[in-house]
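Novice: just to be clear, the model below is a prediction. Sequence and coordinates:
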Amino acid sequence: MTHLRFPKTALATFAGLSLVGAVAGCSATAPATTGGSGSGSASGGATTTSSNANYKDGSYSEPGDYVSPGGSERIKVALTLSKNIITKMKVTTVFADATATGYEQLFEGGISAATVGKNINSLNIGVVAGSSLTSMGFNKALAAIKADAKG
């Protein structure tokens with residue numbers, strides 16, 4: 001019978017890496033946020049991205065779908081652009097379950113502070129006013145708006 005001997009440090013390292021992998025697999029990652037000019041939780045939801053695209057001035061509107069624990073949800077994003085700067089922003093609920101509707105209303109109340117006055121090229125919304133999933137629909141709608149404004 002052969003016995004394998006592992007040094008205690010190798011066993012501890014393996015156990016530690018296994019624990020780190022398990023914890024990392026369960027944790028949600030949030031995007032790094034920039035300090036916004038607003039106050040409260042609404043200002044921390046924007047991250048910067050790099051793009052120098054130019055978009056046509058005007059008003060644009062697109063839906064944004066996402067999935068919550070309650071199922072498929074949809075919001076509508078309407079914004080106005082002037083020289084790539086968002087001058088007006090409105091997000092409205094199109095379809096959501098009761099729980100998601102509450103989070104979407106929080107998002108709707110905080111999104112203007114996180115977007116108005118910002119360059120559309122540098123916008124990527126994360127958590128706004130405690131709502132983390134609504135931003136996925138928002139970012140999809142924003143991508144569609146960018147495509148509309150380019151053409």
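Specialist: Sure, I can see it. Numbers count the residues shown, from 1 in each chain.

Novice: tell me where this structure has helices.
Specialist: Secondary structure of the chain by DSSP state H: the helices cover 8-26, 98-115, 134-150.

Novice: report the angle between the shortest one and helix 98-115.
Specialist: Angle between the axes of helix 134-150 and helix 98-115 is 50 degrees (criterion: axes from the mean of the first three to the mean of the last three CA atoms, to 10 degrees).

Novice: related to what we said a few turns ago, the helices of the chain: lowest mean pLDDT?
Specialist: With a mean of 41, helix 8-26 has the lowest mean pLDDT of the helices of the chain.

Novice: what about the closest residue to residue 109 other than its chain neighbours, neighbour count?
Specialist: Residue nearest to residue 109 in three dimensions, not counting chain neighbours: residue 129, with 5.9 Å by CB to CB, 6 or more residues apart in numbering. C-betas here are computed from N, CA, C, even on glycine. For residue 129, the count of nearby residues is 21 (other CB atoms under 10 Å).

Novice: surely residue 129 and residue 107 touch.
Specialist: Yes. Between residue 129 and residue 107 there is a contact under CB atoms under 8 Å: 5.9 Å.

Novice: can you report how many residues lie near the closest residue to residue 139 other than its chain neighbours?
Specialist: Excluding its sequence neighbours, the residue lying closest to residue 139 (CB to CB, 6+ apart) is residue 125, at 5.9 Å. Residues lying near residue 125 (other CB under 10 Å) number 23.

Novice: so how far is residue 84 from residue 125?
Specialist: 16 Å (CB to CB, to the nearest Å).

Novice: same check on residue 97?
Specialist: Noted for residue 97: a distance of 35 Å to residue 84, by CB to CB.

Novice: between the two, which has more neighbouring residues?
Specialist: residue 84 (18 against 13).

Novice: contacting residues around residue 65?
Specialist: Neighbour list for residue 65: 72, 73, 74, 137, 140 [criterion: CB atoms under 8 Å, 6 or more residues apart in numbering].

Novice: got it, and residue 96?
Specialist: For residue 96, the residues meeting the contact criterion (CB under 8 Å, 6+ apart) are 68, 70, 73, 74, 75, 104.
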